[in-house]
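*Asks:* Need a 3D model of the following:
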Amino acid sequence: MSLTIKGIEKKKYILEKATSVFIREGYTSVTMKDIVEECNISRGGLYKYYSSTKEIFEDILSFGKENDYFVFTKGMENGENAIEILSDFLQQQKSELLNIKNTIRRAIYEFFLSHKNNALNGILKQNYTETVSVISKTLNYGISRNEITKLASNDVEKFANHIIILLEGLSILALGEQISSKLIDEQLDIIIKDLI
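*Replies:* Down below sits the predicted model:
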């Protein structure tokens, strides 16, 4: 469906409000009624754009991913230092980890755990692959500019995987309230020290 500017704005509004609901309630307990009430629109107004909470959540994931990638690509386009780009990203992750109850991460885990099917496994794998790719590009960018000196080009993808796996592990610890600011700093500092 091709949307007008007004339609695009309405959809964006729905996603913002729905994100608030998912942050508060998680994924599995949210209904379309909850989102209608949060948006203060009619059911028909919501169903004009979305037919399910799953569809809404998939769009939220898509827009969140685009925003994360923008940080990396815009930094490289502007000629910023690769270590600064990565450090800024890692500090953003730290902020989210320390404030995890007010992020959508719990809902993301619930979403993927409650929908065990091939299509969603494909989305999860695609998100992971794309994240590895954008972090790898940033690492290669830093290597080419001699800002990253301790990482060999043939280890870039392995290191990008390491960053993502580390962040996921920290997320799980944070959701279980088993994490401190000191532990996060120690782990994130190791990433940077392994590069320069």
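*Asks:* how about the biggest helix by length in the chain: buried residues?
*Replies:* Counting by DSSP state H, the longest helix found in the chain is helix 118-144. Residues of helix 118-144 classed as buried by neighbour count (16 or more other Cβ atoms under 10 Å): 123, 127, 131-132, 134-143. For every residue, glycine as well, the C-beta is placed using N, CA and C.
*Asks:* Quick one: distance of that helix to the chain centre.
*Replies:* 12 Å (Cα atoms, centre = their mean, to the nearest Å).
*Asks:* got the residue ranges for the helices in the protein?
*Replies:* 5-25, 32-39, 43-47, 53-77, 82-98, 105-114, 118-144, 156-175, 181-193.
*Asks:* Which among those helices is found nearest to residue 150?
*Replies:* helix 181-193 (8.2 Å; Cβ to Cβ).
*Asks:* Same question for that closest one: list its buried residues.
*Replies:* 184, 187, 188, 191.
*Asks:* Next: stretch 7-25.
*Replies:* For stretch 7-25, by 16+ other Cβ under 10 Å, it's 10, 11, 14, 15, 17, 18, 19, 21, 22, 25.
*Asks:* can you tell me how far the second one sits from residue 133?
*Replies:* Spelled out, it's residue 11. As judged by Cβ to Cβ, to the nearest Å, residue 11 and residue 133 stand 27 Å apart.
*Asks:* ok, now the third one?
*Replies:* When distance is defined by Cβ to Cβ, residue 14 is 29 Å away from residue 133.
*Asks:* re earlier: so which of the buried residues of stretch 7-25 comes closest to residue 113?
*Replies:* residue 22 (14.3 Å).
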